[in-house]
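> any chance you could fold what I've pasted below:
(2 chains)
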Amino acid sequence: MSSPKSFSRRARTPIALDDAQESLRRKFHCRLQSERIQLAALATALSQVGDEPSSAFEELRLCAHRMHGAAAVFDYLEVAAAAGSLEQASEVASTAHAGNFDRPVWTALVSLLGLLDHVAPQPSKSSR
Amino acid sequence: MEPNRDWDVPTYEGAARGDFIQANPLELLSRCRVLVVDDDELVRAQLSALLRMGGYDVLTAASGEEAVRALASRDCQMVLTDWQMPDMDGLALCRRLRLEHTESYVYVLMLTVRSRQADVLAGLAAGVDDYVVKGASPEEILARLQVGRRITRLEQSLRKSTRENRRLAVTDSLTGARNRRYLMEYLGRELERSRRYDRPLAILACDIDAFKEVNDGFGHEAGDAVLRSFVSRATTCIRADSDWIARLGGDEFVIVLPETGLTAANRVADKLRRILKDKPIVAFRGAVSSTVSIGVTALQTAHELATVSVVELLRAADQGLYASKNNGKDQTTAMAAVAVSAVECGEHIREPDELT
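Residues are numbered from 1 along each chain as shown, chains lettered A, B, ... in the order given. You can find the predicted model right below:
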């Protein structure tokens, strides 16, 4: 299991995090756990949806968008990039009325879930 | 003293009366306030913490609509906004801000995950000043906000200078009273307002008696002190929120009294004469006793308001002033304002171009 630090491409920034920011970063780290569960549930729903997966793609896109923005702000750049890929793939799939096993979507989804598997539930306090 | 003059109306594109409110000098030194708009609570909190660390006052909003409400109730120099949000997105917020928020410039920095060139162009087209993709370092975000801070400070400084220039353009530098330009612009507006609401309007034409003797006997500094003192004392006789004084030039002034009939205007004139006469003005070479001659006129009936022009109103007050001078000075003479078209045939009325 990794600490938040290992998800940052930026090893250390000149601006030191204060306690408030560090605490927010830990909260975000914990939130990623619940978002991983939500994402897994959305994946299950997508796999089971019938002929009209547009709304499932849209839910996936919204979840990925939220994760994309927040992860970028909290410096989880790998997670941000993976969430961005899923967001984009979901948007394309929804627009193109793709089937529920759309390959780019599932590739991005699996990749993101794989990354989130490595997010530790109880990160140690650290600075970037 | 020349009793009549040419009341030509200059084409002054002046400021509204409210523009004369002075800006607080501390305003430019105060901390810069940034409104952080993002629908993600943790992101809002993180950006707020970063900005506070950078020395900014921070407000937050969870949506475009909430941001609009915040901007309506609090002054913010900058907005740091996300693009995609519920109800109103960042682009719509920016467009609305540019449309409605015109009193002072608000610098908008968009912070979003959308990184395509088309997105950047759309943001800039909506009125965004700067565009940063989420994932930028905290240093970059603070540096870009610093650019915004510089720009908003420059804008505030420019606005303050413009306000001051407008004030100076219609202010008599010696006495602080309004100048002739202001009189010719705003007396017309006062007359229009009186017509619209059917309320009386009075003016006093004032001329300091023997002003030339004050200048010759005590020097120009004493003359200047008399003029300044006249304005300062006259200001105590009128209502601060509605009445005003304009200096036409030399020792001649016009006092405009909206919502005032002839009787009340006469009372103001008498008070003004008394307050000037009772207390000599202390000047460099000794105390100077001054008096003032005044002509009063008022438009009181709907017919008068509808027919008498600004030029005719000023001319009537001027004729009253002329009568006061001829009858021994230090007195008030009321004169009815009459529209040229209402004068009986045979009576000679001098046209404005005859007035010198």
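> all contacts plus neighbour counts: C-alpha atoms, from now on.
Fine.
> and B:Gly176, that one's in a helix?
No. The assignment for B:Gly176 is coil, going by DSSP: H, G, I helix; E, B strand; the rest coil, so no helix is present there.
> how far away is it from B:Lys271?
To B:Lys271, B:Gly176 is 21 Å away according to C-alpha to C-alpha, to the nearest Å.
> cool, and B:Ser157?
B:Ser157 is 42 Å from B:Lys271, where distance means C-alpha to C-alpha.
> what's the burial count for residue 48?
Using chain A. 12 (other C-alpha atoms under 10 Å in any protein chain shown).
> wrong chain, I was asking about chain B
B:Ser48 - counted by other C-alpha under 10 Å - has 23 other residues nearby.
> so what's it closest to, chain neighbours aside?
Among residues not flanking B:Ser48 along the chain, B:Val58 sits closest, at 6.2 Å (C-alpha to C-alpha, 6 or more residues apart in numbering or on different chains).
> distance between the host helix or strand of the one you found and the chain's centre?
Under the criterion of DSSP states H and E, B:Val58 resides in strand B:57-61. Relative to the centre of its chain, strand B:57-61 is centred 32 Å away, using C-alpha atoms, centre = their mean, to the nearest Å.
> what comes up buried for it?
B:57-61 (16 or more other C-alpha atoms under 10 Å in any protein chain shown).
> need the max-distance pair from those.
B:Asp57 and B:Ala61 (13.8 Å; C-alpha to C-alpha).
> verify the stated contact: B:Tyr131 with B:Val120.
Yes. If you go by C-alpha atoms under 8 Å, B:Tyr131 and B:Val120 touch, sitting 6.6 Å apart.
> and B:Gln146, what's its pLDDT?
Listed pLDDT for B:Gln146 reads 95.
> what number of residues lie near it?
14.
> which SSE is immediately downstream of the host helix or strand of it?
For B:Gln146, the host element (DSSP H and E) is helix B:138-169. The first helix or strand that comes after helix B:138-169 along the chain, using DSSP H and E, is helix B:180-197.
> which of the helices or strands spans B:Leu204?
Going by DSSP H and E, B:Leu204 is in strand B:201-208.
> where does the chain have low pLDDT?
Here I'm looking at chain A. Applying pLDDT under 70 to chain A flags residues A:1-17, A:120-128.
> wrong one, chain B
Ranges of chain B meeting pLDDT under 70: B:1-30, B:339-356.
> what ranges do the strands span in it?
Secondary structure of chain B by DSSP state E: the strands cover B:33-37, B:57-61, B:78-81, B:107-112, B:130-133, B:201-208, B:244-249, B:252-258, B:281-283, B:286-288, B:292-299, B:332-334.
> residues touching the second one, excluding its own?
Applying C-alpha atoms under 8 Å, 6 or more residues apart in numbering or on different chains, the set of residues contacting strand B:57-61 from outside is B:31-39, B:44, B:48, B:51-52, B:67, B:70.
> do the same with the fifth one
Under the criterion C-alpha under 8 Å, 6+ apart, residues B:108-115, B:120, B:123-124, B:141, B:144 lie in contact with strand B:130-133.
> in chain A, what residue is nearest chain B?
A:Ala72 (4.2 Å; C-alpha to the nearest C-alpha).
> what's the burial count for that residue?
Neighbour tally, A:Ala72, other C-alpha under 10 Å: 25.
> distance of it from A:Ser90?
Distance of A:Ala72 to A:Ser90, given as C-alpha to C-alpha: 19 Å.
> also B:Arg74?
Distance from B:Arg74 to A:Ser90, by C-alpha to C-alpha: 39 Å.
> so for these two, which sits in the more crowded spot?
Neighbour tally, B:Arg74 and A:Ser90, criterion other C-alpha under 10 Å: the higher count belongs to A:Ser90, 28 against 11.
> any part of the longest helix that chain A contains near chain B?
Longest helix of chain A, by residue count under DSSP state H: helix A:19-48. Yes. Using C-alpha under 8 Å from any C-alpha of the partner chain, helix A:19-48 reaches chain B at A:20-21, A:24-25, A:27-28.
> up against chain A, what does chain B have?
B:40, B:42-43, B:45-46, B:49-50, B:112-113, B:134-139.
> neighbour-wise, give me the winner out of the residues you listed.
Counting by other C-alpha under 10 Å, top hit in those: B:Thr112 with 26 neighbours.
> surely it touches B:Trp83?
Yes. B:Thr112 is within contact range of B:Trp83, at 5.7 Å (criterion: C-alpha under 8 Å).
> which parts of stretch A:103-112 are buried?
Result for stretch A:103-112 [16+ other C-alpha under 10 Å]: buried residues A:104-106, A:108-112.
> possible to save the residues you listed as a markdown table with secondary structure and distance to B:Leu91?
Written out in a markdown table, the entries for the buried residues of stretch A:103-112 read as follows (DSSP: H, G, I helix; E, B strand; the rest coil; distance: C-alpha to C-alpha, whole Å):
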| residue | secondary structure | distance to B:Leu91 |
| --- | --- | --- |
| A:Pro104 | helix | 29 |
| A:Val105 | helix | 28 |
| A:Trp106 | helix | 31 |
| A:Ala108 | helix | 28 |
| A:Leu109 | helix | 29 |
| A:Val110 | helix | 33 |
| A:Ser111 | helix | 31 |
| A:Leu112 | helix | 29 |
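> of the residues of chain B next to chain A, which belong to helices?
B:42-43, B:45-46, B:49-50, B:138-139.
> which members of the residues you listed are the farthest-apart pair?
Going by C-alpha to C-alpha, the pair spanning these furthest: B:Leu42 and B:Glu139, at 19.1 Å.
> hmm, B:Asp209 is touching B:Ser293, no?
Yes. Counting by C-alpha under 8 Å, B:Asp209 does reach B:Ser293; the two are 6.4 Å apart.
> what residues are shared contacts of those two?
Here B:Asp209 and B:Ser293 share the contacting residues B:329-330, scored by C-alpha under 8 Å, 6+ apart.
> ok, the two, which is more surrounded?
Using other C-alpha under 10 Å, the more surrounded residue of B:Asp209 and B:Ser293 is B:Ser293, with 27 against 20.
> okay, now the domains of chain B?
Domain assignment of chain B by automatic domain parsing yields the ranges B:31-168, B:180-354.
> quick check: B:Arg31 vs B:Ala49, distance?
On the measure of C-alpha to C-alpha, B:Arg31 and B:Ala49 end up 16 Å apart.
> wait, B:Asp251
61 Å.
> likewise for A:Asp102?
Applying C-alpha to C-alpha to A:Asp102 and B:Ala49 gives a distance of 40 Å.
> what of A:Asp117?
29 Å.
> with B:Glu41 instead?
With C-alpha to C-alpha as the criterion, B:Glu41 and B:Ala49 are 12 Å apart.
> again, but for B:Ser115
24 Å.
> over to B:Arg267?
63 Å.
> what's the closest non-adjacent residue to B:Ala67?
Nearest residue to B:Ala67 in three dimensions, chain neighbours excluded: B:Ala61, at 5.2 Å (C-alpha to C-alpha, 6+ apart).
> contact residues of chain A facing chain B?
Contact residues (C-alpha under 8 Å from any C-alpha) of chain A with chain B: A:13-15, A:20-21, A:24-25, A:27-28, A:66, A:68-75, A:77.
> now with 6 Å?
A:69-70, A:72-73 (C-alpha under 6 Å from any C-alpha of the partner chain).
> list the contacts of the closest residue to chain A within the stretch 51-200 of chain B.
Nearest to chain A, among the residues of the stretch 51-200 of chain B, is B:Gly135, at 4.2 Å (C-alpha to the nearest C-alpha). Taking C-alpha atoms under 6 Å, 6 or more residues apart in numbering or on different chains, we find B:Gly135 in contact with A:72-73.
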